[in-house]
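**Student:** Need coordinates for the below:
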Amino acid sequence: MSNDKVWIEVAVNGTFGRKRQPNIPISVDEIVADGVACVKAGAAIVHVHPYDEATGKQKDDADIYARIFEGIRAQVDAIVYPTVSVFGSPEERYAPIQALAERGLMEWAAVDPGSANLTLYDQVAAGKDGILYVNSEEYLRPGMGMCERYGIHPTYAIYEPGFVRNGKAWADHLPNMPAPLYRLMFSDGFTFGFPPRNYGLDAYTRLLDEVSPGAPRMIAGLLVDVMELADYALAQGYHLRTGLEDMPRGTDKTNVDLVEAAVAKVEKAGREPATATEVRAGF
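**Tutor:** As a prediction, the model looks like this:
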């Protein structure tokens with residue numbers, strides 16, 4: 001794993017809507033403009049969720065995705081990749097992503113190698129249910145197979161340590177699948193995994209070094225400003241994800257603000273943000 005350049009990913013909106021995160025882009029034009037501005041600020045990777053502009057709710061639609069991808073790539077070189085729904089059958093989850101792959105628009109895909117309870121501390125306290133995010137083999141097989149078939153890098157969201165081991169098992173099982181990225185998910189607001197603490201990163205580092213040495217790895221999270229862990233992570237060769245999808249709700253910052261803060265962390269560490277071309281070469 002090269003330590004020369006740092007990959008910066010920006011997750012520009014997420015699924016929570018403007019009620020919880022007022023500054024997220026919703027329309028295609030807004031997402032394109034925000035994505036382009038973030039790339040110009042130093043991001044090489046843009047992760048997006050598509051929205052129905054009339055309702056302001058997420059709508060997993062290949063045509064909306066295509067307009068976003070093509071709109072960003074017409075102005076800047078960037079790796080732009082979609083989300084995958086946490087609901088529906090395996091076929092329903094991957095249908096829009098499959099359509100994008102058939103059009104030749106996919107470079108990366110979100111394929112998460114494990115199941116997790118996505119539950120807020122506030123939900124536990126209020127006696128409410130969280131979400132069971134199911135990724136059994138029935139769900140993983142079409143996602144991993146799609147990545148192998150179309151030459152797409154899977155990006156593994158690692159909510160629990162077992163995801164690392166399962167993800168490596170799938171990578172070994174499908175040797176023609178492009179190499180995965182291990183994206184470690186920290187949180188202060190959710191009960192999964194580790195909070196953004198050095199000991200949590202140390203545990204993941206030791207596991208990754210044992211199971212998948214040299215694999216690209218990144219810190220990220222939900223309901224957390226993961227930049228508080230950035231200095232420690234950069235010293236160990238990690239890449240960085242930021243963006244309004246991941247931040248605590250109601251922040252007054254913009255995606256460009258967050259990318260600029262990540263760039264400042266990278267430069268303080270004596271390193272440089274990678275371009276999309278350099279990211280593609282980094283696998």
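
**Student:** got the CA positions of the helix or strand that A264 is a member of in CSV?
**Tutor:** In this structure, A264 sits in helix 255-268 according to DSSP states H and E. This file holds the C-alpha atoms of helix 255-268, laid out as CSV (Å, rounded to 0.1, in the frame of the first residue of the first chain):
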residue,chain,number,x,y,z
ASN,A,255,-19.2,19.4,1.5
VAL,A,256,-16.5,21.7,0.2
ASP,A,257,-15.7,22.9,3.7
LEU,A,258,-15.3,19.2,4.7
VAL,A,259,-13.1,18.4,1.8
GLU,A,260,-10.9,21.4,2.4
ALA,A,261,-10.5,20.3,6.1
ALA,A,262,-9.4,16.8,4.9
VAL,A,263,-6.9,18.3,2.5
ALA,A,264,-5.5,20.4,5.3
LYS,A,265,-5.0,17.2,7.4
VAL,A,266,-3.3,15.5,4.5
GLU,A,267,-1.0,18.5,3.8
LYS,A,268,-0.2,18.8,7.5
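
**Student:** Could you list the residues in contact with it?
**Tutor:** If you take Cβ atoms under 8 Å, 6 or more residues apart in numbering as the criterion, helix 255-268 is touched by 6, 8, 10, 12, 23, 25, 34, 37-38, 41-43, 227, 230-231, 234, 240, 242-244, 247, 272-273. (Each C-beta comes from the backbone N, C-alpha and C, glycine too.)

**Student:** Paired strands for the helix or strand just after that helix, with orientation please.
**Tutor:** With elements assigned by DSSP H and E, the helix or strand that comes after helix 255-268 is strand 272-273. Strands that pair with strand 272-273, judged by DSSP bridges, come out as strand 5-6 (parallel).

**Student:** how far does whichever helix or strand comes after the strand it pairs with sit from the chain's center?
**Tutor:** Later in the chain than strand 5-6, the nearest helix or strand by DSSP H and E is strand 8-11. Relative to the centre of its chain, strand 8-11 is centred 7 Å away, using Cα atoms, centre = their mean, to the nearest Å.

**Student:** Stretch 207-227 too?
**Tutor:** 11 Å.

**Student:** Could you list the buried residues of it?
**Tutor:** Applying a neighbour-count criterion of 16 or more other Cβ atoms under 10 Å, the buried positions in stretch 207-227 are 207-208, 211-212, 215-227.

**Student:** which stretches of the stretch 101-250 of the chain form strands?
**Tutor:** Along the stretch 101-250 of the chain, the segments classed as strands by DSSP state E, counting those that start in this stretch run 108-110, 116-118, 131-133, 153-158, 181-187, 217-222, 239-242.
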